[in-house]
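Asker: below are the sequence and a predicted model for it; my questions follow.
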Amino acid sequence: VPTSSQVDLFSNIRFECDKIKPTCGTCTKANIKCEYTGLDLVESPPQQQKSEDQIDFHRYGKILLKDGPFSFFTIVSLDPFVKCVLHVVKDNKRLPMKIRDELDRGKRKKSFIPSNELFESIKPLISNTFVVWSLVDHFFESELFNTCSFFQRDDFNKNLINFIGPKSYPAVRSRIDGPYDFIFIGTLLVILRISSWSFYNAGYETEFMPFTVESIDLAKQCYEEVRYSYHHYRTQLLQFILILDFYRTNCAEDLDYVEGFENSANYILAQRLAINLGLNFETNDEHLKRLWYHLVELDTNQFLKDGNCSFLIDDKSYSTPLPQEPNDATIYIRERFKVRELIKPLAMMITDVGLKPSIKELNLGLEKLEQYLIDLDLNFILTLPNKVEKCAKFLNFLDISSLVYMVLYHIFLHYTGIDTQKAFETLARLLSISNPVLHVTHFLDSTKDHFYNLQQQFGPSFLIIPKILITLHKFLQLQISLIGRTN
């Protein structure tokens, strides 16, 4: 469209030009040649997207603060039918705040222990050295370690011998000497809790769970002792942060997935430690590669949790190659990295607070993800012989399904009351995503030994159960909404 305001012919007889290029509408109707005097002919900017075709994922951001567009509290605020049903159940007009209050009241009371008394509180937990060594061996020898391969077993065992003695001659130390000791003993407590918890099998009788959640409280206090004095132990502190976050992410008993501030601060410190260690540059050390890509996975999980945090690790900020060593830890890392590659374009749109992506753009971003879910059939996953690969693909299946579902839910809410046909079309897509995911509820059936026995399928179920529960929680929001719409 040219910048000149009128065609020459019409400027003399005072007809306005509609500026359509190359021939304006008036010239077309008059069947004459359209000529312009303007020399700087440029196209006008495209028309802005109509607001009814756009979605603002952050329209409740100022009200809900740290709750992202995929959080339960955001959905309650956006979907009046969910709010209606839950108001009937709770009979409370300020439901999100009510739920938060209930969660806060349900949390365990944590008592602070002075630094000079901290190890005395820890010693009884590690006094049974046979149990400690058994749980550490279980952690490193089971599929569990390959999903969080932050450590090198030989180095860890040397440090453990220094604290509690070898298996043949136990001798628990009497005191902690400095920051390094706090880092190691805190890391040990988290590993013992994870290894102990991994024997749980969705309701089957469990005989061996000696370490309770209180050991995590003590580990967190160890972390507080060293978080500001880590300069000489950066690698060890990074490992400590990663194993703590691995526990928080995969152990729903603490309800830490509801809280974002503390975990985000720890993640930022972990990122700074990794960059200071040069983990974002090329290296041939397979252990350092694994450390970096576990941090990248943590970065991806920050977004997947509630859609509130963009990727903080830019692809251009690192040149670290993916691990190549032929083992299960490498298989897990490389498989989980596929999620980041797949969701990145969509994540950039959703987390940009200044952008209101069009539904067309969102659907284009969803196409590849929906095709991935079609190709990654759940029945196929469960027939894989390698339990670590099976676990990684299963987690990918749940993560991608959850993301696609939540984006479609926002589109569905957008069309509700505006375009009934498109709302029903989006609802059909939502239900098609839901159907395969609902089959994972069989893993929570503990009535008998069957095909969906968690430990038979995946080995230690530490990662699987919380991921299933959180995913199903999101999917049930639509079921609640549909109940509200039928009344």
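Answerer: Perfect, thanks for sending it. Numbers count the residues shown, from 1 in each chain.
Asker: tell me the helices and strands packed up against the helix or strand harbouring residue 160.
Answerer: Using DSSP states H and E, residue 160 maps to helix 153-164. Here helix 153-164 touches helix 129-141, helix 179-197, going by 3 or more CB pairs under 8 Å, 6 or more residues apart in numbering; DSSP states H and E. Glycine gets a C-beta too; all of them are placed from N, C-alpha and C.
Asker: please identify the deepest-packed of those.
Answerer: helix 179-197 (a mean of 24; mean count of other CB atoms under 10 Å).
Asker: next structured bit after it?
Answerer: helix 214-226.
Asker: residues of that following helix that come out buried?
Answerer: 215-223, 225-226 (16 or more other CB atoms under 10 Å).
Asker: closest to residue 313 out of those residues?
Answerer: residue 223 (22.1 Å; CB to CB).
Asker: what distance do you get for the closest residue to that closest one other than its chain neighbours to residue 396?
Answerer: Of all residues not flanking residue 223 in the chain, residue 186 sits nearest, at 5.6 Å (CB to CB, 6 or more residues apart in numbering). From residue 186 across to residue 396, the span is 31 Å (CB to CB, to the nearest Å).
Asker: can you check residue 336 too?
Answerer: For residue 336, the distance to residue 396 - CB to CB - is 7 Å.
Asker: now residue 463
Answerer: With the distance defined as CB to CB, residue 463 ends up 12 Å from residue 396.
Asker: can you tell me how far residue 135 sits from residue 189?
Answerer: 11 Å.
Asker: what's the burial count for residue 456?
Answerer: When neighbours are counted by other CB atoms under 10 Å, residue 456 registers 12.
Asker: what strand or helix carries it?
Answerer: Residue-wise, residue 456 maps onto helix 454-458 under DSSP H and E.
Asker: next SSE downstream of that helix?
Answerer: helix 464-485.
Asker: remind me what that following helix packs against, helices and strands.
Answerer: By 3+ CB pairs under 8 Å, 6+ apart, helix 464-485 packs against helix 72-78, helix 80-90, helix 234-250, helix 387-415, helix 420-438, helix 454-458.
Asker: now name the helix or strand holding the residue most central in space within the chain.
Answerer: Geometric centre of the chain, nearest residue: residue 301, 2.5 Å, by CA atoms, centre = their mean. Assigned by DSSP H and E, residue 301 falls within helix 286-306.
Asker: what about that helix, average pLDDT?
Answerer: For helix 286-306, the per-residue pLDDT values average out at 90.
Asker: helix or strand next in line after that helix, which one?
Answerer: helix 328-351.
Asker: how many neighbouring residues does residue 478 have?
Answerer: Residue 478 has 23 nearby residues by other CB under 10 Å.
Asker: residue numbering should commence at 422 henceforth.
Answerer: Got it, the first residue is 422 from now on, which makes the last one we talked about residue 899.
Asker: what about it, distance to residue 847?
Answerer: 11 Å.
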